[in-house]
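[1] with the sequence up front, the predicted model follows.
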Amino acid sequence: MIELINIHKTFGKVQALQGVNLKAKAGTIHGVIGENGAGKSTLMKVLTGFITKTGGTILHNSVEIVCNSPADATRMGIGMLYQEPLDFPQLSVIDNFMAGADDFSPAQQRTTLAKLCDTFGFSLLPESRLEELTVGERQQLELMRLIRNGTKILILDEPTAGISEKQQELLFTALQTLKDDGATILLVSHKLEEVTSLCDTVTVLRQGKVVGEQHRPFQRDDLLKAMFDTLPEHNSPPEKKNNGSPVLEFNAVCSTVGRSGLKEISIDIHAGEVVGMAGVDGSGQSVFLKTSIGLLQPESGNISRLGQPPNISFGKKSRKTVFLPADRLSEGLFPGLNVREHHILATGNSVFLTSQKGLKKSQQAIDAYSIRGNPDTMIEDLSGGNQQRLLLSLIPDEVQLILMENPTRGLDVQSAAWTWKHLHKRLADNGAIVFASPDLEEIMEQATRVLVFYNGEILLDKPTDKTTYQEISRAITGQISKSPSHS
Amino acid sequence: MEITLSSLLAGIVIMAAPLVLAALGETLTEKAGVVNLSLDGTILLAAMTGFLVASKFQSLTLGFLVASKFQSLTLGFLAAALTGSGVAALLATIGVWLGQSQVAVGFALTFLCRDLAYFLGNPYARQKGPQLATLPIPGLSEIPFLGKVLFTHSAIVYVSFLAIPCCYYFFYHSRLGLIVRSVGENPEGCWARGINPISVQMLATIAGGALIGLAGAAFSLAVKPGWGHPQGCEGIGWIALALVIFGSWNPIRVVMGAYFFGLLQVLGIYFQDSFTSIPPQIFQVAPFPLMIFTLVLIHLSRNTKNRTIARWMRLFSGKPPKWIGRTYKQS
């Protein structure tokens, strides 16, 4: 049995875990569920010593243990299957299996690997390079490696993201076998379906705290409520403008980028729409945005953006679409340049732009967008809200499509409200906004239409005023079947 | 001068010995994900210390203890290896442990070491010093042709031979070698498996530095005996760095490159004697651009449509360690 008592973890000023208690018994599968950023992965990484906790105690069979590094955890029989596989893509399967093992005897390890493959019904060739394998196969290898190490407490972080159904079946059977052998299994997931079918106990985390625990049989609605907080009453979404001309069209677009990729996405977005995309991180929203702007090339399917193929364009054409990435400082702005230089760059239609002209332009922008700073302020010295204001001030007047990732990330309520007011005004009726946000409230308040991404598919596509928080959160956890596309 | 094939090959083997050692040392370093750019300066500094220590001890008498020539030379090589490790340790401390830019530190060190070598070694320039004697291996050296090519050399050449299979075995057939390769691929993954990537990187860099240091002494005590300004080994470090990249981090391919450079250098010496009307400097410098030209050719021909060439070129293809030159910070 493993017990986590009053675990705390802070990253700088952010409190990721605030006194978490969790008890997992041997011979059971214990689910840990919660929204993005609830602290699930952090809690598990604390248990393996991958990150060091700020406070709290860990008991193993009622004896306190100290896990300051994964090496300590391995000695105590704790092993974790990380969400992003922490393996060595350029090395062979057998090398990956052996790396870090205490005894180095290739012949023997080969036999062990073959035996484990047999037990679980996996088929992996020891000589193939890891990068040629699917995510699911890499996960199988990691699982066998952990079992070879004598892991008794097995942690799996979102193990079914990006793997095929067949692989998922094999994995679940393997987990049942391990459970029957007396292992303690901790399963981190956001998929309510698999958690309720597989686990014996479920703990719900929200914002670094335990907000619920249930044993079999589960009350799904209660779990859902605990995960997403008490769902607020429906706010009034902005009025949908009349359908304008199509701005962005996807026709059966497939992509294999990221864990989920995109699976036959077909959708039309018209001028006047504000589309909010919800879903767990990596369900396809980011790939969708980057494919729309031309940063990623789709595997198949057709995309038309303002009547053109979605290539990155230069010059005048480029001024009609704007992408505001989630990581403002590293992807959207140029650290090391000041405000004025950003405005000079954004003008872009003359080779020579005197600093006088640039100064005038940026002074105007600073006044119009109430940016706290002056033209010579370095970009990294601006606060997050002011960086976002600056980005907005750089959007060209001709813009017809704005694509955004987490537009109000790191902004306080006031800045967020200001940003949205400005965005709505900006695209009064001749353009569209498409944004991804982890904040359901933001989507309900600001969008005219909601898309929910789940595993690379759009599971829900409805006008905001025709849906509810309940329906959206069900879709995020994969609990509804695909609805026919609306447009 | 009469050119026989065996003497030509023997010349290549000698000329390439220091380069083999340096390139293998850098391969070891880079396999662990660290770039040691201080190579060229380190070789020069190690050449100086090796020469200085060996000649000091040769004339040193402590009571009845007279250091033999063999002992003084061994000490010279030891000092050179320690110098190499020392510089590498400095680089590893700043570039790995403290997480600063390895490129910047490496560059600074290469120039620092070079100037330090010329400055400290100035009083000993153009002085007579000890030199490794050829040590024909009994029995083996009598084999016709091969005996002359491979087994009538000084000890450091034999060391360079031995280093090749040792390195290969280390990388691909030992637990530690696998760990070094894993760290160069994904230090985070190593940390998750209970390996401390930072100490592995530090150790690999320091061990690689020792090999690089040996290369320096191989110049000043054997291949180009003596110390001076210039010593004659200048520029070799950059060639070794290029070899590691174009040999795609595979020790065998890297060594093949080293022998090819040896060939270019030996040919340069022969041609220098045959074409006296051409300034000798041309032949001394020619191997460097020729080497780079060849490496670029190899690189370009990888994308050829000609099947036969493509098949051959596949032998030279390989990917760099994924984490190379980046610093790892533990969360």
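    Right, received. Where do you want to start?

[2] once you drop chain neighbours, what's closest to residue 299?
    If you meant another chain, say so; for now it's chain A. Nearest non-adjacent residue to residue A:299, counting by Cβ to Cβ, 6 or more residues apart in numbering or on different chains: residue A:254, 4.6 Å away. C-beta here means a position set from N, CA and C on the backbone, and glycine is covered the same way.

[3] switch to chain B, that's the one I care about
    When the adjacent residues along the chain are set aside, residue B:299 lies closest to residue B:246, with 6.6 Å between them (Cβ to Cβ, 6+ apart).

[4] neighbours around that neighbour, how many?
    Counted with other Cβ atoms under 10 Å in any protein chain shown, residues neighbouring residue B:246 total 20.

[5] need the pLDDT of it.
    At residue B:246, the model reports a pLDDT of 78.

[6] related to what we said a few turns ago, in what helix or strand does the residue nearest to residue A:299 lie?
    In this assignment (DSSP states H and E), residue A:254 forms part of strand A:246-255.

[7] beyond that strand, next helix or strand please.
    Scanning forward in sequence from strand A:246-255 by DSSP H and E, the next helix or strand is strand A:262-270.

[8] each with direction, which strands does that next one pair with?
    Paired neighbours of strand A:262-270 in the sheet (DSSP bridges): strand A:246-255 (antiparallel).

[9] so for the host helix or strand of residue B:157, mean pLDDT?
    Following DSSP H and E, one finds residue B:157 within helix B:155-173. Helix B:155-173 carries an average pLDDT of 95.

[10] ok, stretch A:110-117 next?
    94.

[11] so how far is it off the chain centroid?
    From the chain centre to the centre of stretch A:110-117 is a distance of 34 Å (Cα atoms, centre = their mean, to the nearest Å).

[12] contact partners of it?
    Stretch A:110-117 is touched from outside by A:93, A:94, A:97, A:122, A:123, A:124, A:126, A:144, A:147, A:148, with contacts defined as Cβ atoms under 8 Å, 6 or more residues apart in numbering or on different chains.

[13] now rank these by neighbours and give me the top one.
    residue A:97 leads the contacts of stretch A:110-117 on contacts (other Cβ under 10 Å) with 25 neighbours.

[14] that one contacts residue A:142, doesn't it?
    No. Between residue A:97 and residue A:142 there is no contact under Cβ atoms under 8 Å: 9.3 Å.

[15] give the buried residues for stretch B:94-114.
    Across stretch B:94-114, burial judged by 16 or more other Cβ atoms under 10 Å in any protein chain shown covers B:94, B:95, B:96, B:102, B:105, B:106, B:108, B:109, B:110, B:113, B:114.

[16] my guess is the fourth one meets residue B:88, correct?
    No. When contacts are counted by Cβ under 8 Å, residue B:102 is not listed as touching residue B:88 (11.3 Å).

[17] shared neighbours of those two, anything?
    Between them, residue B:102 and residue B:88 share the contacting residues residue B:36, judged by Cβ under 8 Å, 6+ apart.

[18] which bits of the stretch 51-200 of chain A sit near chain B?
    A:51, A:69-75, A:80, A:82, A:86-91, A:95, A:98-101, A:104, A:106 (Cβ under 8 Å from any Cβ of the partner chain).

[19] among those, the buried ones, what's the PyMOL command?
    Of these, the buried ones go into a single PyMOL selection, burial set by 16+ other Cβ under 10 Å:
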select buried, chain A and resi 51+69+70+71+73+74+80+82+86+87+88+89+90+91+95+98+99+100+101+104
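
[20] among the residues of the stretch 51-200 of chain A next to chain B, which lie within helices?
    The helices, defined by DSSP state H, take in A:70, A:71, A:72, A:73, A:74, A:75, A:95, A:98, A:106 from these.

[21] in a markdown table, list these along with pLDDT and distance to residue A:56.
    Listed next are those as a markdown table, based on pLDDT from 0 to 100; distance: Cβ to Cβ, whole Å:
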| residue | pLDDT | distance to residue A:56 |
| --- | --- | --- |
| A:70 | 91 | 18 |
| A:71 | 90 | 20 |
| A:72 | 90 | 16 |
| A:73 | 91 | 15 |
| A:74 | 90 | 21 |
| A:75 | 89 | 20 |
| A:95 | 93 | 37 |
| A:98 | 93 | 34 |
| A:106 | 89 | 41 |
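
[22] distance check, whichever residue of the stretch 101-250 of chain A sits closest to chain B against residue B:308.
    Closest approach between the stretch 101-250 of chain A and chain B, counting by Cβ to the nearest Cβ: residue A:104, at 3.4 Å. Residue A:104 sits at a distance of 39 Å from residue B:308 (criterion: Cβ to Cβ, to the nearest Å).

[23] what do you get for residue A:419?
    Distance, residue A:419 to residue B:308, by Cβ to Cβ: 61 Å.

[24] show me which of those two is the more surrounded one.
    Remark: of residue A:419 and residue B:308, residue A:419 carries more neighbours, 22 against 8, as counted by other Cβ under 10 Å.

[25] which residues touch the more buried one?
    Counted by Cβ under 8 Å, 6+ apart, residue A:419 has contacts A:388, A:389, A:392, A:407, A:408, A:411.

[26] and with 6 Å instead?
    Contacts for residue A:419 (Cβ atoms under 6 Å, 6 or more residues apart in numbering or on different chains) come out as A:388, A:408.

[27] noted, bye for now.
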